[in-house]
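**Q** Next come a sequence and a model predicted from it.
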Amino acid sequence: VSELDADGDGNVDMFEMKADIRSWFGTRHKPVRALIIVDVQNDFIDGTLALRHCPAGQDGADVVPKINALMEAVAFDVVAVSLDWHPQEHCSFHESVTAGLSPSPIHPTQPKIEDVPNMAVFSPVLLTAPDGTPMPQTLWPRHCVNDGWGSETHPGLKIGSHNADFVVKKGMNPAIDSYSAFFDNSKFQQTTMLSELRKRDVTHTYIVGIAYDVCVAFTALHAAEEGFVTTVLEDACAGVTHEGIAEQSRIMKDAGITIANCDQLPSLIANQSGSGEQIATAKMVKLARASTLSIEKQAAQIKASYRKFDSVNAVVNNAVVPVMEMVSKGSVKSVKAVTGSA
């Protein structure tokens, strides 16, 4: 019973029961396997946010032949593609924020607000979430602007946005970023990913793409939270920083997500059946949700502090800045964890 009770409150609610039924019974009786290709788009490969120019120096182009070979080797039941799909001015864009054009204004607890116009690319900043609370954001170069060349899937990808089973566009709300293919960063809204997977009775998700330590990791963690048997194929991914890659690998493993290479997948699929996997899946859902709930408690304390104290300095020194630093370093899995939004 403890494995059914994901949040550990002593009760198995309807949400937990549905997730467990999907994962336990689905994995045993009728596994449906979905490949999720995350953000293999021109701007992340040859454009404004090309990964080879990021600190890890990994080339996003290298994932394309890996993903193509994977689709030839494994007959996935479903292939889904996610796309970053931003408006011209977006709260995640360095150009928008530093020019004072961010749809989400700078939060009053941002240290040295006067220095924001001179911030460098990749700097962390505190913006104002739709509910008025502090919202940590990394400043990325303008990328994947909707309907532009940079937002298109790489032309070498055999299954892209033109012929996938379905396509999910994210980051369309100018006021909040969306790393995960399931939800925006504060879980104010969800994409169509979950409903499309449920519609097709998917039980297993295999996640590849860009960037490993950002959108791939957030997507994998949300897939695990929703009860899918989740595997990340790390050699079909590319990341931003070595530190972020290592940290997100640890977080995903702690959540029960399998990290594997593409050549391991056929044997992994052969072993992903039976009662052993049912128990493992139940534990994965519990671990993924427990880790989120743990950070949500910290977020609740932050929001309580913010509302309790009139002094900006008290909030900045005691709560906001440390969390902003954790997000910047990749040690917080989701901006939802910081805002505590449901």
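**A** That came through fine. Numbering: from 1, shown residues only.
**Q** need the strands for this structure, in chain order.
**A** 33-38, 78-84, 124-128, 134-138, 166-170, 204-210, 229-238, 258-260 (DSSP state E).
**Q** so where's this protein uncertain?
**A** Applying pLDDT under 70 to the chain picks out residues 1-8, 15-29, 272-342.
**Q** Any idea which residue is closest to the centre of it?
**A** The residue lying closest to the centre of the chain (Cα atoms, centre = their mean) is Phe218, at 1.9 Å.
**Q** Distance check, that one against Arg200.
**A** Between Phe218 and Arg200 the computed distance is 22 Å (Cβ to Cβ, to the nearest Å). To be clear about C-beta, it is placed using only N, CA and C from the backbone, and glycine gets the same treatment.
**Q** Same check on Phe188?
**A** 26 Å.
**Q** Of the two, give the one with the bigger neighbour count.
**A** Ranked by neighbour count (other Cβ atoms under 10 Å), Phe188 and Arg200 place Phe188 first, with 18 against 15.
**Q** and that one, what are its phi and psi?
**A** Dihedral angles of Phe188 (phi, psi; degrees, to the nearest 10) stand at phi -70, psi -30.
**Q** So it is in contact with Ser178, correct?
**A** No: the criterion here is Cβ atoms under 8 Å, and Phe188 misses it with Ser178 at 9.8 Å.
**Q** which parts of stretch 72-81 are buried?
**A** For stretch 72-81, burial by neighbour count (16 or more other Cβ atoms under 10 Å) applies to Phe76, Val78, Val79, Ala80, Val81.
**Q** what's the answer for stretch 140-158, then?
**A** Neighbour-count burial for stretch 140-158 [16+ other Cβ under 10 Å]: Trp140, Pro141, Arg142, His143, Cys144, Val145, Gly150, Ser151, Glu152, Thr153, His154, Leu157.
**Q** could I get the residues you listed as JSON lines with distance to Ile257?
**A** Shown next, in JSON lines, are these (distance: Cβ to Cβ, whole Å):
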{"residue": "Trp140", "distance to Ile257": "25"}
{"residue": "Pro141", "distance to Ile257": "29"}
{"residue": "Arg142", "distance to Ile257": "31"}
{"residue": "His143", "distance to Ile257": "26"}
{"residue": "Cys144", "distance to Ile257": "25"}
{"residue": "Val145", "distance to Ile257": "31"}
{"residue": "Gly150", "distance to Ile257": "29"}
{"residue": "Ser151", "distance to Ile257": "28"}
{"residue": "Glu152", "distance to Ile257": "29"}
{"residue": "Thr153", "distance to Ile257": "25"}
{"residue": "His154", "distance to Ile257": "25"}
{"residue": "Leu157", "distance to Ile257": "24"}
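**Q** All the helices of the stretch 201-342 of the chain, residue numbers only.
**A** Here the stretch 201-342 of the chain has its helices, by DSSP state H, counting those that start in this stretch, at 217-225, 242-254, 265-271, 275-308, 312-315, 321-329, 335-339.
**Q** And for the stretch 51-200 of the chain?
**A** Applying DSSP H, counting those that start in this stretch to the stretch 51-200 of the chain gives helices spanning 63-73, 94-98, 193-199.
**Q** Just name the most buried of those helices.
**A** By mean neighbour count, with neighbours taken as mean count of other Cβ atoms under 10 Å, helix 94-98 ranks first of the helices of the stretch 51-200 of the chain at a mean of 20.
**Q** I'd like the distance from that helix to the chain centre, please.
**A** Its chain's average C-alpha position is 22 Å from that of helix 94-98, according to Cα atoms, centre = their mean, to the nearest Å.
**Q** Now tell me what touches it from outside.
**A** Contacts with helix 94-98, where a contact means Cβ atoms under 8 Å, 6 or more residues apart in numbering, come from 89-91, 101-103, 106, 116-121, 123, 125, 127, 137, 139-142.
**Q** In stretch 103-116, which residues are buried?
**A** Across stretch 103-116, burial judged by 16+ other Cβ under 10 Å covers Pro103, Ser104, His107, Thr109, Gln110, Val116.
**Q** Going by distance to Ala164, which of those wins?
**A** Checking these against Ala164 with Cβ to Cβ, the nearest one is Pro103 at 29.1 Å.
**Q** Kindly list the main-chain dihedrals of the residue nearest to the closest one when sequence neighbours are not counted?
**A** Closest residue to Pro103 apart from its sequence neighbours, by Cβ to Cβ, 6 or more residues apart in numbering: Pro174 at 3.9 Å. Backbone torsions for Pro174, taken as degrees, to the nearest 10, come to phi -70, psi -20.
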